[in-house]
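In: Whatever this is, show me its structure:
(chains A, B, C and D)
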Number of protein chains: 2
Amino acid sequence: MATIGDVARVAGVSRSTASYALSGKRAISAAVRRRVEDAVRELGYTPNAGARALATSQTMVIGLLAQFLEDEFAPAMLQYMLGVSDTARELGYDILLSTEADGRNALRRMTDSRMVDGIVLLNVAEHDDRLPILRAAPQPGALVGLPADCTGVDVFDLDFEDAGRLMVDHLHRLGHRELVLVSQPEHVVERGGAYVWRLQNAAIEAARVRGISLHATFASSSQPDVARELGALLDAHPQATGLLVNNEAAAAALPTVLHARGLTAPADLSVVGRYSDEFARTFSLPYSSIESAPDRLGRMAVRELVRRIEGQAGPDEPHVVRFVSPELVDRGSTAAPREG
Amino acid sequence: MATIGDVARVAGVSRSTASYALSGKRAISAAVRRRVEDAVRELGYTPNAGARALATSQTMVIGLLAQFLEDEFAPAMLQYMLGVSDTARELGYDILLSTEADGRNALRRMTDSRMVDGIVLLNVAEHDDRLPILRAAPQPGALVGLPADCTGVDVFDLDFEDAGRLMVDHLHRLGHRELVLVSQPEHVVERGGAYVWRLQNAAIEAARVRGISLHATFASSSQPDVARELGALLDAHPQATGLLVNNEAAAAALPTVLHARGLTAPADLSVVGRYSDEFARTFSLPYSSIESAPDRLGRMAVRELVRRIEGQAGPDEPHVVRFVSPELVDRGSTAAPREG
DNA sequence: CTGAAAGCGCTTACAG
DNA sequence: CTGAAAGCGCTTACAG
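Out: Predicted coordinates for the structure are as follows:
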């Protein structure tokens, strides 16, 4: 494989001149630049990434920590990954991916060995055990998901509180007075999936303020349990006219569950989910939903991370915590409740 | 960040001795080894990956090229990625991920700049335009998916021909005489998705040999088109008693389609899919299916790739083309056809 | 069993 | 506008 030394020799210049001609970091005569460029083409030269990283302390690689936990719905995670990956590429960065369940090892390895210039953490828990490691690392970090302590990192998340309110308000406005909210599994909450109770608490509070009743429940994130649980839930609350679903697996299972019971949305039941439009299309979900904007969140996280990496963020510009406002995508699954 | 020089100084030895003490590549007195190990702990030393890569020409990174094409069903791809990623980690390698639609750029970048020790190509087309680049690269490559020309790479795939035969034979044995096969979209075939026609041709031939009729068709891989098309298909072939589905999106849409038409499998229609057990669980699909074994294929590809990278494969050991035999996972969706 | 030195392939002050 | 040299942090022959 050709090195910059080969290029320099073929072009008849010094290695430093060849390097500068390629980086454009100092003035080079047109003639020399031509010769260097020709040599590059002739030799098919590409800089050695490791050597460059060693010399510049920049790898042009971003570490992406995605965890595929047993009790989580994998397809939902993929969209965040793609948002991160696509944006990184646009900005000239490659992605070093870890899918290890124990993210701490991967994080330590990537940061300590200087394989990456920055880190994106996905699926951040309230007291995420990766955060202390990330804060101690020399590289900047961006999170998708809101932890209890945001110091030292940039944080991006859907405004789940607003989402909870929006869901309740929407159905309240249509005349619903009894709702059921299905959240992620309870152990997701216990593990620190803060978004679950952020949405749930806001929904409960909104219902209280509006004077309507809301049954807040959890459901599995795996099949076929979730389908069974949804059925039991509908049995348990026959008076409920609206269903709020903050659980992708439950949303994916719902068409089958409703069909099996001979129910139609919105004629028999109004339904509002919380998932992305991409997700809705993949799973053919006909329910209106709060857009969770995984691609946008991934994009925002990478943009800010790269700003920090490249020092455009200013030496001690404070870290940001930025929420995406939930938007209700209307797919026609809500209506005024049927006359009791 | 501490360097090996720091470690050497603290341990009171030379840098080479520190290095050897850590790598174990030459005999070191117990006392010196202790001192070096203590220094490492004290300083929190981790080798710089770029420097090591430069010195050894080994990055301990594997490039993973996954393409998320418009007309393909993303969740199915994820499982191959996880198989590759998990196995790589077990063997001590990290994953550099590319999701670029134009994989050639990513491939060239990774290989030319020596960011990776080897490459795994996912979703390989019959005349995959990444292959010439991969063959010309100094790093070894492993494919998941069978191209027309396998020279210079290790290839792993499901035996789709066997899968097609197995589907037909299974239903034939139960007494079915008219079947419909739903494949991936036709433009997947045109783009070179060889597995589509490998399964289809084998199914057609098996049907011919058995003297039963098989209607081979294509369907979209996106919603809601695929649901509509499935409906039209069932309308067009009212005599068919068995449905073979080689299209993940169609399989995912099928429960809704059948429910809507008041059909039940296997009472009204026997159904056999071709997807992984993981996929079946994620999408709550109740159909018997040919296991597509994405995790196993990803694992096999990485194992062989690492063997080559590490030179255990022998200098000119021939490349392998290995097929996973399809197995039918019975989920109770097939039975003897209802009396005409 | 250990050390001094060269080299991997870059970039970037320093000098002219 | 260009070149010679140092240095990034490792590993590994070479020498003892």
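
In: Without its sequence neighbours, what residue ends up closest to the one residue in the stretch 101-250 of chain A that gets nearest to DNA strand C?
Out: As assessed by CB to the nearest atom of the strand, DNA strand C sits closest to A:R114 within the stretch 101-250 of chain A, at 13.1 Å. Any C-beta I mention is one placed from the backbone N, CA and C, and that applies to glycine too. Nearest non-adjacent residue to A:R114, counting by CB to CB, 6 or more residues apart in numbering or on different chains: B:N48, 5.2 Å away.

In: which residues does the one you found contact?
Out: B:N48 is in contact with A:54, A:113-114, B:1, B:3, counting by CB atoms under 8 Å, 6 or more residues apart in numbering or on different chains.

In: thinking again about what came up before, wait, the residue of the stretch 101-250 of chain A closest to DNA strand C touches A:A53, no?
Out: Yes - A:R114 lies in contact with A:A53 (CB atoms under 8 Å); the separation is 7.4 Å.

In: since we're on the nearest residue to A:H319 once chain neighbours are set aside, how many residues are nearby?
Out: Computed as CB to CB, 6+ apart, the closest residue to A:H319 that is not its neighbour in sequence is A:D154, at 5.2 Å. Neighbourhood size, A:D154 [other CB atoms under 10 Å in any protein chain shown]: 24.

In: tell me the contacts of A:D154?
Out: Here A:D154 is in contact with A:140-143, A:301, A:304-305, A:308, A:319-322 (criterion: CB under 8 Å, 6+ apart).

In: For it, give its distance to A:I95.
Out: From A:D154 across to A:I95, the span is 18 Å (CB to CB, to the nearest Å).

In: Find the centremost residue of chain A, please.
Out: A:Y80 (3.6 Å; CA atoms, centre = their mean).

In: so what's that one closest to, chain neighbours aside?
Out: A:P294 (4.4 Å).

In: That neighbour reaches A:Y275, doesn't it?
Out: No - counting by CB under 8 Å, A:P294 does not reach A:Y275; the two are 9.1 Å apart.

In: Name the residues that touch stretch A:288-300?
Out: So stretch A:288-300 is contacted by A:76, A:79-87, A:120, A:144, A:156-158, A:163, A:166-167, A:251, A:271-280, A:322, A:324, A:326-334 (CB under 8 Å, 6+ apart).

In: Buried ones among those?
Out: Buried members of the contacts of stretch A:288-300, scored by 16 or more other CB atoms under 10 Å in any protein chain shown, are A:76, A:79-87, A:120, A:144, A:156-158, A:163, A:166-167, A:251, A:271-280, A:324, A:326, A:328-329, A:331, A:333-334.

In: before we move on, the earlier item: keep only those of the contacts of stretch A:288-300 that are in strands.
Out: Among these, the ones falling in strands (DSSP state E) are A:120, A:144, A:156-158, A:271-274, A:322, A:324, A:328-329.

In: can you tell me which two in the residues you listed are farthest apart?
Out: Greatest spatial distance in those: A:V120 and A:V271, 32.4 Å, computed using CB to CB.

In: How about A:A49, nearest residue that isn't a chain neighbour?
Out: Counting by CB to CB, 6+ apart, A:A49 lies nearest to B:S113, which is 4.1 Å off, once chain neighbours are set aside.

In: do the same with A:L82
Out: A:L82 sits nearest to B:T99 (CB to CB, 6+ apart), 5.9 Å away.

In: which one of the contacts of B:N48 has the most neighbours?
Out: Neighbour tally across those (other CB under 10 Å): the maximum, 23 neighbours, falls on A:R114.

In: what's the neighbour count on A:L69?
Out: Neighbourhood size, A:L69 [other CB under 10 Å]: 15.

In: now swap in A:L43 and tell me
Out: A total of 17 residues lie near A:L43 under the criterion other CB under 10 Å.

In: Would you mind confirming that it is in contact with A:R9?
Out: No - A:L43 is not in contact with A:R9 according to CB under 8 Å; the separation is 9.6 Å.

In: Pop the domain breakdown of chain A in here.
Out: Chain A breaks down by automatic domain parsing into domains covering A:4-47, A:61-158+A:294-324, A:160-291.

In: May I see those domains organised as a markdown table, with mean pLDDT and distance to B:S222 added?
Out: Listed next are the domains of chain A as a markdown table, based on pLDDT from 0 to 100; distance: least, CB to CB, whole Å:
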| stretch | mean pLDDT | distance to B:S222 |
| --- | --- | --- |
| domain A:4-47 | 92 | 37 |
| domain A:61-158+A:294-324 | 94 | 14 |
| domain A:160-291 | 92 | 7 |
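
In: Which one of the ones you listed lies nearest to DNA strand D?
Out: Proximity to DNA strand D (CB to the nearest atom of the strand) singles out domain A:4-47 among the domains of chain A, at 2.5 Å.

In: Would you mind measuring the gap between the ends of that closest one?
Out: From its first residue to its last, domain A:4-47 covers 7 Å (CA to CA, to the nearest Å).

In: Quickly check: it near DNA strand D or not.
Out: Yes - with CB under 7 Å from any atom of the strand as the criterion, DNA strand D is reached by domain A:4-47 at A:12-17, A:20, A:26-29, A:31-32.
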